[in-house]
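> Kindly return the folded structure for what I paste below:
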Amino acid sequence: MTILFRNARVLTLAGPPQRRGAALADLGVIAAADVLIDSGRIARVAPAGEIRPRPGTHDMNAAGRVLMPGFIDCHTHACWAGSRIAEWEQKLAGAAYLDILKAGGGIMSTVRAVRAATQAGLQASLAARLTEFLENGTTTLEVKSGYGLTTADELKMLRAIAAAARTWPGTVSPTALLGHALDESEAGFVDRVIHETLPAVHAEFPGIVIDAFCEQGAWPLADAVRLLETAVGEEANPIHSSAGAAHNRAGIRVHADQFNPLGMIREAVRLRAISVDHLEASIPADLALLAASETFGVGLPICGLHLDGRFANLRSLVDAGGLVAIATNCNPGSAPCTSMPLAIAAAVRHCGLTAQEAIAAATINPAAVLGYTDRARIEAGARADVILLRHTDERALAYELGGNPVDTVVCGGNIMHRAGAAST
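Next comes the predicted model:
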């Protein structure tokens, strides 16, 4: 398919493949431009009026609206079964999340539902959510396992994720969240995960990223470090290997400091983790250490909106020159959300980012987190994952609450979603 967007306000995000410090706010804006897409790639970007449509071209007049890279959601738990609505009501009545977890709710509630589900059922529910992500402008996203806990159920989840990915026009990047919850009914659970589940996952899904949730009520620091150190030792490919490839992702990630600062940031930096995600309870010294490293800090502001009103201090990371991304954390317990625009709006209101920084943290930087170098920019040769907004001002992404700002989604060079042509 050949597509021509005429007279668009284009956020090119041309330049370095990841942004830190003041560079995070540079969106490479061209106030009026034409963008030609052909054979799944950006073919040309030129001043408005310079590119003439050829016969057979899908000709779209942007009328000054914003054309930008598709959103990249680098942290989701979008593969699950069951419901946590009753638990949410408990939280509204004052119950603490960790107390619910200790009582067998929280993650363990979803674990029981996932274990009871078939692979086909998990695939179907994930596929439905992927449709929602696409309609909200997300063209690449990460999906974690982590609700199975047994070797068989973790592999079932990863197979369901892979199967759903094959039927979706966007890109799904799987992560094996092997250190999620502790199954206290199983003696020697941690050792079994490290010595049985981890090798089995690496055997079937070589190169997959391994993740761990270090928190009170979840994996203690020492056990999380042992899992991640073993994962790094087993993985043949070094972190972000194959420089220059379209996809360079391998290594480890970690959830840390959601409720308590347990020292995981320092260990993650030492282990050269790709990212540390959450950071709501991080102390200034640890944030300074993270900012000075090559490890990303990933904020998940939907958690604060839905769960407890606590947010990562991403402003301090940016000001200290750190690498920052944001994500939805889509999951049934703490972030039932598929909207990156809402994550952008929340990050600006509660994490200290400007609208421009939040847009970069939702596109170019999460592409780097996931190891993709062929997208999240509008320049010749890039993969044609782009979205046309209803708005003529990109700041409306952060200003507007509750609506879907996306008019048109182009994924892999094909028009996959068209909401209408209203402009503001």
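
> contacts, neighbours, all on C-alpha from now
Noted.

> Now do the helices in the stretch 301-424 of the chain.
Across the stretch 301-424 of the chain, reading from the start of the chain, the helices by DSSP state H, counting those that start in this stretch fall at 301-303, 314-319, 340-350, 355-361, 364-369, 396-399.

> for those helices, which one sits closest to Ile42?
Each of these was scored for nearness to Ile42 using C-alpha to C-alpha, and the closest is helix 364-369 (15.9 Å).

> pull the CA atoms of the closest one into CSV?
Listed next in CSV are the C-alpha coordinates belonging to helix 364-369 (Å, rounded to 0.1, in the frame of the first residue of the first chain):
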residue,chain,number,x,y,z
ILE,A,364,11.4,6.7,20.9
ASN,A,365,12.7,5.7,24.4
PRO,A,366,10.4,2.7,24.9
ALA,A,367,11.5,1.5,21.4
ALA,A,368,15.1,1.5,22.9
VAL,A,369,13.8,-0.3,26.0
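
> the strands in the stretch 251-400 of the chain, which residues?
Secondary structure of the stretch 251-400 of the chain by DSSP state E, counting those that start in this stretch: the strands cover 252-256, 275-278, 296-299, 324-326, 386-389.

> Oh, that last question was meant for the stretch 101-250 of the chain, not what I typed.
With DSSP E, counting those that start in this stretch applied, the stretch 101-250 of the chain shows strands at 138-144, 171-179, 209-214, listed in chain order.

> Relative to Gln90, which of the ones you listed is closest?
Between Gln90 and those, the tightest spacing by C-alpha to C-alpha is seen for strand 209-214, at 23.0 Å.

> picking that back up, so which of the helices of the stretch 301-424 of the chain gets nearest Glu132?
Using C-alpha to C-alpha, the helices of the stretch 301-424 of the chain put helix 340-350 closest to Glu132, at 10.9 Å.

> just the angle between the closest one and strand 138-144, please?
Interaxial angle of helix 340-350 relative to strand 138-144 (axes from the mean of the first three to the mean of the last three C-alpha atoms, to 10 degrees): 80 degrees.

> by contact count, what packs against helix 340-350?
Helix 340-350 sits against helix 301-303, strand 324-326, helix 355-361, helix 396-399, with contacts defined as 3 or more C-alpha pairs under 8 Å, 6 or more residues apart in numbering; DSSP states H and E.

> Mean neighbour count, those: which tops it?
Neighbour counts averaged per stretch over the helices and strands packed on helix 340-350 are highest for strand 324-326, at a mean of 33; criterion: mean count of other C-alpha atoms under 10 Å.

> helices or strands up against that one?
Short answer (3+ C-alpha pairs under 8 Å, 6+ apart): strand 324-326 packs on strand 296-299, helix 314-319, helix 340-350, helix 355-361, helix 364-369.

> Could you list the low-pLDDT ranges of this structure?
Within the chain, the stretches with pLDDT under 70 are 235-250, 420-424.

> contacting residues for the residue most central in space within it?
The chain has Cys74 as the residue nearest its centroid, 1.7 Å off, counting by C-alpha atoms, centre = their mean. When contacts are counted by C-alpha atoms under 8 Å, 6 or more residues apart in numbering, Cys74 touches 141-142, 326-327, 366-367, 369-370.

> Pull out the buried residues from stretch 9-18.
Under the neighbour-count criterion of 16 or more other C-alpha atoms under 10 Å, stretch 9-18 has 9-14, 17-18 buried.

> Same question for stretch 377-393.
Within stretch 377-393, the residues scored as buried using 16+ other C-alpha under 10 Å are 377-392.

> cool, and stretch 92-110?
By neighbour count, with 16+ other C-alpha under 10 Å as the criterion, the buried positions of stretch 92-110 are 97, 100-101, 105-110.

> that older thread, just the buried residues of stretch 9-18 now: which is nearest Asp26?
Taking C-alpha to C-alpha as the measure, Leu13 is the one of these closest to Asp26, at 7.2 Å.

> For that closest one, what is the enclosing helix or strand?
Leu13 belongs to no helix or strand when elements are defined using DSSP states H and E.

> Identify the residues contacting it.
Leu13 sits in contact with 26-29, 360, 364, 376-378, where contact means C-alpha under 8 Å, 6+ apart.

> Let's see that with 6 Å instead.
Leu13 sits next to 27-28, 377 when contact means C-alpha atoms under 6 Å, 6 or more residues apart in numbering.

> How many residues are close by Leu305?
Look at Leu305: counted by other C-alpha atoms under 10 Å, it has 16 neighbours.

> meant to ask about Arg20
Residues near Arg20, counting by other C-alpha under 10 Å, number 23.
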